[in-house]
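**Q** next comes the sequence, and after it the predicted model I'd like to discuss.
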Amino acid sequence: MHPLLGQLRRILLYLIAWIPLTALLVYLLSITRQLSIEEATALAIPLCLFYAFVCLSGWYTCRATPIDRVELEKLLFTHVGGAFVASGLWVFAAWSLSWILASSISDFRGMNVRLYSELPVVFVTGVLLYLLSVFFYYVLIAVEASQKAEARVLQMSILAREAELKALKAQVNPHFLFNSLNSISALTSSDPARARDMCILLGDFLRRTLGLGEKSAIPLEEEMSLIHAFLAVEKTRFGVRLHMEETIADEALAVSVPPLLLQPLVENAISHGIANLVEGGWIRLNIGCENGAVSIAIENLFDPEAPMRRRNGVGLANVRQRLQARYGNRATFQAGAEGDHFRVAITLPAGKISEKEVAAQ
Amino acid sequence: MSSTNASRIRAVIVDDEELARQILREFLSAHPEIELVAECANGFEAVKAVAELRPDLVFLDIQMPKLDGFEVLELIGNDTAVVFVTAHDNFAIRAFEVHAVDYLLKPVGASRFEAALKRAKERLEGKAPANATPAADLAAAARPPAQYIERIPVRDGARVFIIPVAKLDYVEAQDDYVALASEGKKHLKQQTIGSLESALDPARFLRVHRSYIVNLERVAKIEPYSKDSHVAILTTGAQLPVSRAGYARLREFLDR
């Protein structure tokens, strides 16, 4: 759809822009004194009104020849050719109109003959005006494109946010639940008290994860207590095979982090590390805070010769994407194996949740 | 059937979690006709126990240290009835393709367990015939599509070796077995060369002869041998016959 034709207001603005151009044409036609001011005005006003609509056609050729995708020769050929055709039409219209005016109004008699010497001026003006309109349309197209790009960026950030929410929902791994329920089922006959404890631990963990989806950030302390609830359940399953060591800087506890950022990493360390080791192994969590950045390292022992697992890497990719979506370049994420250690290192800006945000949650 | 006492079914439980073994043990304790001969916490122990004790029935977890349940099944052959027990429902199709008796999902319910046990007994009594295809062939066929094996488990008596495919020099067919040459040794495995060929990445391994698959990284040179055949000389010094069709495939690969 033509950007000017669609709206009355835009058309009026466009025609107003033609008023000084009309005045210019009157000036050019009368400067050699071949035509009087009255003759020039009577000729210029209908002529410019006509040409204003002719120039609207430039938009379609601009759309058909995008400036960044068509080679220069073709671009010049198209628009200069268009300008010559449009201007030729204009000259013809000027000549016809002058003939009508000369023969119908007695004061203007002979102006069609006197116009002959001015026709080259009319032609050059027509070419220039047409090219000016082409330039104007290209600017318009560029503005439109940048607005579209902005909208796309906005769209992308909305998508990223949606992906994040989806990821949160998917992250409480159902197999963790199934295995835990199986353990509880085993304990009901052999050790009812422990079975009850495990039900409570599992309930505690699930309650903490519920509702986290609506929050965009939680204090690290809350994430840690979620991890402790998770580990308490896993400890029942894995017993002495699971050993967790934590070193956490006090000042890091108040820092805000996306919810369920670290829990999947601990879960990964268990399911891809500890679960594959006959004797079990350790998971080490180190969290430091300096120079306005939090550095988090999760390291675990694993068996490099373990059978392949399907979900491998999905959890890590998820955490990486969420960090990227939220912090961009201000966060870093590294994961990799060194011998029989697997290490994930994250740094993110040490922001705190404001009182307002807490209240909003 | 290798049971010494025909009236009792000898069973093994394999799971890395103590509590998961415990509940199966509890369910089995209600059945005097079943004798629990071993409990294993990982794949290696499972292969060893099956090789030494020759049980009739194995309850097998899938995700375990050392060897996963499918690799264990591949190594213990199909004289033993296997019931998979896992929290993952996405292995079910694969499990039945390798002729597992049943597939139990955790948490395991008593009635579902009884149904699985009934099916296992029917299989053991010969009502449902055991499959004659080698277990490794079934496992290769049940491999997830577009995913090639990275390692090959091999059993020698009660001992298990894991051969990473990068360390595999070549494979030679020997009757019902394949000989896997790796690091100067040859390991025998009950599997057809065709099924192993389909499980190996075709970009890294090539069938150069009816009886040989070669690791392309090991090929040092190819020399003419007779009018119709060639011989491939490996970096290890081994010489493998190359058939006319194998030579064409090899040329096609090298020209790429």
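**A** Looks like it came in fine.

**Q** hey, which helix is longest across the chain?
**A** Chain wasn't specified; assuming chain A. helix A:119-171 (DSSP state H).

**Q** I was thinking of chain B, sorry if that wasn't clear
**A** In chain B, taking DSSP H as the definition, the longest helix is helix B:110-124.

**Q** tell me the mean pLDDT over the following helix or strand past it?
**A** Next along the chain after helix B:110-124, taking DSSP states H and E as the criterion, comes helix B:135-141. Averaging pLDDT along helix B:135-141 gives 73.

**Q** could you do stretch A:198-211 as well?
**A** 88.

**Q** does any part of that stretch sit near chain B?
**A** No - if you take Cβ under 8 Å from any Cβ of the partner chain as the test, stretch A:198-211 misses chain B, and the best it gets is 9.4 Å. C-betas here are computed from N, CA, C, even on glycine.

**Q** list the contacts of residue 18.
**A** Just going to use chain A. Listed by Cβ atoms under 8 Å, 6 or more residues apart in numbering or on different chains, the contact set of A:Trp18 reads A:Cys48, A:Leu49, A:Ala52.

**Q** please go with chain B instead
**A** A:Gly239, B:Ala41.

**Q** next, count neighbours for the residue of the stretch 151-256 of chain B found nearest chain A.
**A** Relative to chain A, the nearest point of the stretch 151-256 of chain B is B:Ile162 (6.0 Å; Cβ to the nearest Cβ). Using other Cβ atoms under 10 Å in any protein chain shown, B:Ile162 is surrounded by 17 other residues.

**Q** again with A:Gly239
**A** 12.

**Q** for B:Leu124, see how far away the closest residue to it other than its chain neighbours is.
**A** Leaving out its chain neighbours, the residue that sits closest to A:Gly239 by Cβ to Cβ, 6 or more residues apart in numbering or on different chains is B:Glu18, at 6.3 Å. Remark: distance between B:Glu18 and B:Leu124 (Cβ to Cβ, to the nearest Å) = 27 Å.

**Q** repeat that for B:Val12.
**A** Relative to B:Leu124, and taking Cβ to Cβ, B:Val12 is found at 14 Å.

**Q** who in the stretch 101-250 of chain B is up against chain A?
**A** Residues of the stretch 101-250 of chain B found near chain A (Cβ under 8 Å from any Cβ) are B:Leu105, B:Lys106, B:Pro107, B:Val108, B:Pro144, B:Glu150, B:Arg151, B:Ile162, B:Pro164.

**Q** can I get those residues in TSV with secondary structure?
**A** What follows is these, written out as TSV (DSSP: H, G, I helix; E, B strand; the rest coil):
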residue	secondary structure
B:Leu105	strand
B:Lys106	coil
B:Pro107	coil
B:Val108	coil
B:Pro144	coil
B:Glu150	coil
B:Arg151	strand
B:Ile162	strand
B:Pro164	strand
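
**Q** may I see these arranged in TSV, with pLDDT as well?
**A** Listed next are these as TSV, based on pLDDT from 0 to 100:
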residue	pLDDT
B:Leu105	93
B:Lys106	93
B:Pro107	93
B:Val108	93
B:Pro144	67
B:Glu150	87
B:Arg151	89
B:Ile162	90
B:Pro164	91
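
**Q** so which of those wins on neighbours?
**A** Among these, B:Lys106 has the most neighbours (other Cβ under 10 Å), with 24 neighbours.

**Q** list the buried residues of stretch A:33-52.
**A** Neighbour-count burial for stretch A:33-52 flags A:34-35, A:39-45, A:47-48, A:51-52 (criterion: 16 or more other Cβ atoms under 10 Å in any protein chain shown).

**Q** what residue of chain A is the furthest out?
**A** Most distant residue from the mean C-alpha position of chain A: A:Ser106, 66.2 Å away (Cα atoms, centre = their mean).

**Q** residue boundaries of the strands in the stretch 51-200 of chain B?
**A** Under the criterion DSSP state E, counting those that start in this stretch, strands of the stretch 51-200 of chain B are mapped to B:57-60, B:81-86, B:102-105, B:151-156, B:159-164, B:168-174, B:177-182, B:185-190.

**Q** pick the most buried one from those strands.
**A** Burial of the strands of the stretch 51-200 of chain B is given as mean neighbour count (mean count of other Cβ atoms under 10 Å in any protein chain shown); strand B:57-60 ranks first at a mean of 28.

**Q** what's the most distant pair in the residues of the stretch 101-250 of chain B next to chain A?
**A** B:Pro107 and B:Pro164 (35.5 Å; Cβ to Cβ).

**Q** what about the chain, any weak spots by pLDDT?
**A** You didn't pick a chain, so chain A it is. Residues of chain A meeting the criterion pLDDT under 70: A:1, A:164-171, A:213, A:307-314, A:353-361.

**Q** my question was about chain B, not that one.
**A** Scanning chain B with the threshold set as pLDDT under 70 gives B:1-7, B:127-132, B:141-146.

**Q** the same query, at a cut-off of 50, please.
**A** Residues of chain B meeting the criterion pLDDT under 50: B:1-5.

**Q** got phi/psi on the residue located most distally from the centre of it?
**A** When distances are taken from the C-alpha mean of chain B, B:Lys227 lies farthest, 39.3 Å away, according to Cα atoms, centre = their mean. Per-residue torsions, B:Lys227: phi -60, psi -40 (degrees, to the nearest 10).

**Q** what segments of chain A are helices?
**A** A:8-30, A:37-56, A:58-64, A:72-104, A:111-115, A:119-171, A:174-190, A:192-209, A:220-238, A:263-268, A:314-327, A:355-360.

**Q** can I get those helices in a markdown table with distance to B:Asp61?
**A** Shown next, in a markdown table, are the helices of chain A (distance: least, Cβ to Cβ, whole Å):
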| stretch | distance to B:Asp61 |
| --- | --- |
| helix A:8-30 | 72 |
| helix A:37-56 | 75 |
| helix A:58-64 | 64 |
| helix A:72-104 | 69 |
| helix A:111-115 | 99 |
| helix A:119-171 | 24 |
| helix A:174-190 | 10 |
| helix A:192-209 | 20 |
| helix A:220-238 | 12 |
| helix A:263-268 | 19 |
| helix A:314-327 | 21 |
| helix A:355-360 | 45 |
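
**Q** hey, which of those is tucked in deepest?
**A** Greatest average neighbour count among the helices of chain A goes to helix A:263-268 (a mean of 22), per mean count of other Cβ under 10 Å.

**Q** most centrally placed residue in chain B?
**A** Note: chain B centre (Cα atoms, centre = their mean) maps to B:Glu74, 2.0 Å.

**Q** which one is it nearest to, not counting chain neighbours?
**A** Once flanking residues are discounted, B:Glu74 sits nearest to B:Ala139: 4.3 Å by Cβ to Cβ, 6+ apart.

**Q** give me the neighbour count for that neighbour.
**A** 22.

**Q** that one contacts B:Val72, doesn't it?
**A** No - with contact defined as Cβ atoms under 8 Å, B:Ala139 does not reach B:Val72; the gap is 10.0 Å.

**Q** which among the residues of the stretch 101-250 of chain B next to chain A gets closest to A:Leu202?
**A** B:Pro107 (12.2 Å).

**Q** measure the closest one to A:Phe238 for me?
**A** Applying Cβ to Cβ to B:Pro107 and A:Phe238 gives a distance of 17 Å.

**Q** same thing with A:Ile11?
**A** Taken as Cβ to Cβ, the span from A:Ile11 to A:Phe238 is 75 Å.

**Q** returning to that earlier point: minimum distance to A:Arg322: which of the strands of the stretch 51-200 of chain B has it?
**A** Relative to A:Arg322, the nearest member of those by Cβ to Cβ is strand B:81-86, separated by 29.4 Å.
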